[in-house]
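Chemist: Need the 3D shape of this:
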Amino acid sequence: MLKYSCVLLFSLFLICGFELILKPETPAFVKKGQTLELTCQSNESGGSYVFSTIDVEGRGVILGVGIGRFKSCVSYTNQTVFECDFEEIWTIKLTLLNPIHNQTIECSRVYNRTSLSINTTIFIQVPVSTLTLSTPQTTVRASRSISITCRTNDLVRPAAIITWYKGNSEIFTQITTSIQPDANDLYRTVSVLQYMGVPDDNGQQVYCSASNIEGEHVESSRYTLNVTYIAEVHIFPVSSLNIVAGTKQVWLYCHVSNANPEIVSYRWTKLNSLLSTVVSSAPMYVIESAAEEDTGNYTCTAYNSAGNSSGTVDIYVQSRPMKPTITLVDCDVTSATILWTLSTSLNFRYTPPFQQETLQLSERNDEFSNCSYEKIETNVSSVYIYRAIDLNPSTEYKFRVVASNVHGSSFSDNRTCHTAEKPFISQSKDCNNGLIIGGSLGGAFILIIVSGGSAIFIYLQINRKKQQTAEQNDHYVHHICSTNEHPYQDISDQNKGAVKVIESAEYMEFADKIYTNDDGQRP
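Modeler: Numbers count the residues shown, from 1 in each chain. Purely as a prediction, here's the structure:
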């Protein structure tokens, strides 16, 4: 609504108490093809009212005149309808049959040689009629994007606002909009949605809506999303499987919970020792009877037009340890050195946990039992050295190595060796006969017998089969006594049946080759 108040008029025209109102106020909106009614009112009667405009050439054109004194109402063009109401509040109406965009219509009143005017500008609205929704692709892969375009088909005024929807939800992101004007103040709106494929959107409908007049909107056609994808592969029953060699009917099932389109093909591959082979083209793979060569990493790959998806399972076929091999046995007076090896399969990384190896011995063909031994570190992998300790001199022993795990035990072949004799053995039957002191030096043995205040020295040349390095100059002291309960009883008799393992800090390096005889002893 436009009007002049008393104060404004007083400041401009020195007129007070007079109002002139033109409806609708500027801009006067009207849809294209519709008529526009303008109303000019005054709070006082009397005077003359004129509706006029300016043509395209800039000339004034009178559209209608209303004279209150004569109560006349005259239209000056066939493009308008002019009506006058000279009641208490004078009202002059002008109806434009063909409104023109940006045309200015003026209403003026002349009374007592004083003129007052008011105007409004016409705005012709051109509403959105139709929209076009287009995309160059009919499908989209998950995690990939496509462009969907929405445009107003006809030129409109004002420019339309385009809104995007997926299902019942409005889309706010990944939208680019441009407005294309023409010379007649008309516009075309183009909006592009960059849609990223999401599996859950498959089957959802995407569309756009455009509006340039309040309360009115136009919707496009619907585009049904066809999102192709393949879900994660799941392998049943487990992701890793420990089985015992000989197990029957070990089955693996490859499952894809969701895919669009459906899975076209499957492929099982087995990786073992860096060698990959295809073992099946079905969703289920069955190992009829598990063997060591079935150990490996199995991958199931499912394929459809969207791509592929894979899952893996590790199968560990386990059995009792491989047989240890004793390659050398070397006996001394009270100890024996055993060198042995333990072979590992190509699938050594699948060896069951808690595998252990134990040295056992048998004395004089008795049953085998665990014995005390020291472990000697070597610089060769899979080669081990044990030193059995606390053995009896002049005794035949059999040795074997036992390798055990949760699936059972494997035994090496038995190896035999004889411990050497003691440097001295007492022959006395009488405890009071005297004291015998013996010792060795180099290859000679010296014996001193003390009896009745006399000392007898005996020098013996001994050709010992083996010399014990740590006991080259050891001395043995023994009472000449017939009892076995004297305090110098041989220490080897006190350690029979010992099972404690002693860790040794000793380190030994091997030559490239070790030569042994048929009994596993060095020549």
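Chemist: Tell me which stretches of this protein form helices.
Modeler: Remark: helices assigned in the chain by DSSP state H are 6-13.
Chemist: Where does the prediction get shaky in it?
Modeler: Segments of the chain classed as low confidence (criterion: pLDDT under 70) are 1-17, 344-354, 424-523.
Chemist: Dead centre of it: give me the residue that sits there.
Modeler: Note on the chain: the residue nearest the mean C-alpha position is Glu232, at 11.4 Å, using C-alpha atoms, centre = their mean.
Chemist: Now do it against His255, distance only.
Modeler: Plainly put, Glu232 is 10 Å away from His255 if you go by C-beta to C-beta, to the nearest Å. Backbone N, C-alpha and C define where each C-beta goes, glycine included.
Chemist: And Ser220, by the same measure?
Modeler: According to C-beta to C-beta, Ser220 and His255 sit 40 Å apart.
Chemist: ok so, going back, now the residue nearest to the centre of the chain. Nearest residue, chain neighbours left out?
Modeler: The shortest distance from Glu232 to any residue other than its chain neighbours is 5.8 Å, reached at Ser309 (C-beta to C-beta, 6 or more residues apart in numbering).
Chemist: Tell me which residues touch the residue nearest to the centre of the chain, please.
Modeler: When contacts are counted by C-beta atoms under 8 Å, 6 or more residues apart in numbering, Glu232 touches Val256, Ser257, Ser309, Gly311.
Chemist: Farthest pair within the residues you listed?
Modeler: Ser257 and Gly311 (11.4 Å; C-beta to C-beta).
Chemist: how deep is the nearest residue to Thr135 once chain neighbours are set aside tucked in, by neighbour count?
Modeler: For Thr135, ignoring the flanking residues on the chain, the nearest one in space by C-beta to C-beta, 6+ apart is Ile148 at 4.6 Å. Using other C-beta atoms under 10 Å, the number of residues around Ile148 comes to 23.
Chemist: Contacts only, for Ile148.
Modeler: If a contact means C-beta under 8 Å, 6+ apart, then Ile148 has Leu133, Ser134, Thr135, Val192, Leu193, Tyr195, Val206, Tyr223 as its contacts.
Chemist: Keeping just the C-alphas, turn stretch 117-135 into CSV.
Modeler: As requested, C-alpha coordinates have been extracted for stretch 117-135 and formatted as CSV (Å, rounded to 0.1, in the frame of the first residue of the first chain):
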residue,chain,number,x,y,z
SER,A,117,0.1,11.5,-7.7
ILE,A,118,1.1,8.0,-6.8
ASN,A,119,2.4,5.1,-9.0
THR,A,120,3.2,1.4,-9.1
THR,A,121,5.3,-0.7,-11.4
ILE,A,122,3.9,-3.9,-12.9
PHE,A,123,5.8,-7.2,-12.5
ILE,A,124,4.6,-9.9,-14.8
GLN,A,125,5.3,-13.3,-13.2
VAL,A,126,6.0,-16.2,-15.5
PRO,A,127,5.7,-19.4,-13.4
VAL,A,128,7.5,-22.7,-13.9
SER,A,129,5.5,-25.0,-16.0
THR,A,130,7.6,-28.2,-16.4
LEU,A,131,11.0,-29.6,-15.4
THR,A,132,13.3,-32.0,-17.1
LEU,A,133,15.3,-34.6,-15.1
SER,A,134,18.2,-36.3,-17.0
THR,A,135,21.3,-38.4,-16.3
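Chemist: mind listing what's buried in it?
Modeler: Of the residues in stretch 117-135, those buried by neighbour count under the rule 16 or more other C-beta atoms under 10 Å are 118-120, 122-128, 131, 133, 135.
Chemist: Reformat the residues you listed as a markdown table; add distance to Glu88.
Modeler: Listed next are the buried residues of stretch 117-135 as a markdown table, based on distance: C-beta to C-beta, whole Å:
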| residue | distance to Glu88 |
| --- | --- |
| Ile118 | 20 |
| Asn119 | 25 |
| Thr120 | 24 |
| Ile122 | 30 |
| Phe123 | 32 |
| Ile124 | 35 |
| Gln125 | 35 |
| Val126 | 40 |
| Pro127 | 39 |
| Val128 | 44 |
| Leu131 | 51 |
| Leu133 | 57 |
| Thr135 | 64 |
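Chemist: related to what we said a few turns ago, residues contacting the residue nearest to Glu232?
Modeler: Each residue near Ser309 by C-beta under 8 Å, 6+ apart is listed here: Ile230, Ala231, Glu232, Val233, Val256, Thr301, Ala302.
Chemist: Now the buried members of those residues.
Modeler: Ile230, Ala231, Val233, Val256, Thr301, Ala302.
Chemist: Is the second one in contact with Asn258, as I believe?
Modeler: Yes - here Ala231 lies in contact with Asn258, judged by C-beta atoms under 8 Å, at a distance of 4.4 Å.
Chemist: Touching both of those two, which residues are there?
Modeler: Taking C-beta under 8 Å, 6+ apart as the contact definition, Ala231 and Asn258 share the neighbouring residues Pro199.
Chemist: picking up where we left off before, CSV for the contacts of Glu232, including distance to Lys32?
Modeler: Compiled in CSV, the contacts of Glu232 are given as follows (distance: C-beta to C-beta, whole Å):
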residue, distance to Lys32
Val256, 57
Ser257, 56
Ser309, 56
Gly311, 63
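Chemist: of these, closest to Tyr386?
Modeler: Gly311 (45.7 Å).
Chemist: all strands in the stretch 1-150 of the chain, in order from the N-terminus.
Modeler: Taking DSSP state E, counting those that start in this stretch as the criterion, the stretch 1-150 of the chain carries its strands at 20-23, 28-31, 36-42, 48-54, 60-67, 72-75, 80-85, 90-96, 104-111, 114-125, 131-134, 140-141, 145-152.
Chemist: right, and those - which one's nearest Asn242?
Modeler: strand 140-141 (38.6 Å).
Chemist: Show me what the closest one is packed against.
Modeler: Based on contacts counted as 3 or more C-beta pairs under 8 Å, 6 or more residues apart in numbering; DSSP states H and E, the elements that strand 140-141 packs against are strand 227-230.
Chemist: With just CA atoms, put stretch 225-243 into CSV.
Modeler: This file holds the C-alpha atoms of stretch 225-243, laid out as CSV (Å, rounded to 0.1, in the frame of the first residue of the first chain):
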residue,chain,number,x,y,z
LEU,A,225,18.5,-45.2,-8.3
ASN,A,226,20.1,-48.5,-9.5
VAL,A,227,23.2,-48.8,-7.2
THR,A,228,25.3,-51.8,-8.1
TYR,A,229,27.5,-53.2,-5.3
ILE,A,230,28.9,-56.3,-3.7
ALA,A,231,29.0,-56.7,0.1
GLU,A,232,31.8,-58.2,2.1
VAL,A,233,32.5,-61.9,1.8
HIS,A,234,32.1,-64.0,4.9
ILE,A,235,33.6,-67.4,5.2
PHE,A,236,32.1,-70.0,7.5
PRO,A,237,32.5,-71.7,9.8
VAL,A,238,35.6,-69.7,11.0
SER,A,239,38.3,-67.4,9.8
SER,A,240,41.1,-69.8,10.9
LEU,A,241,40.9,-73.5,11.4
ASN,A,242,43.3,-75.9,13.2
ILE,A,243,42.6,-79.5,12.2
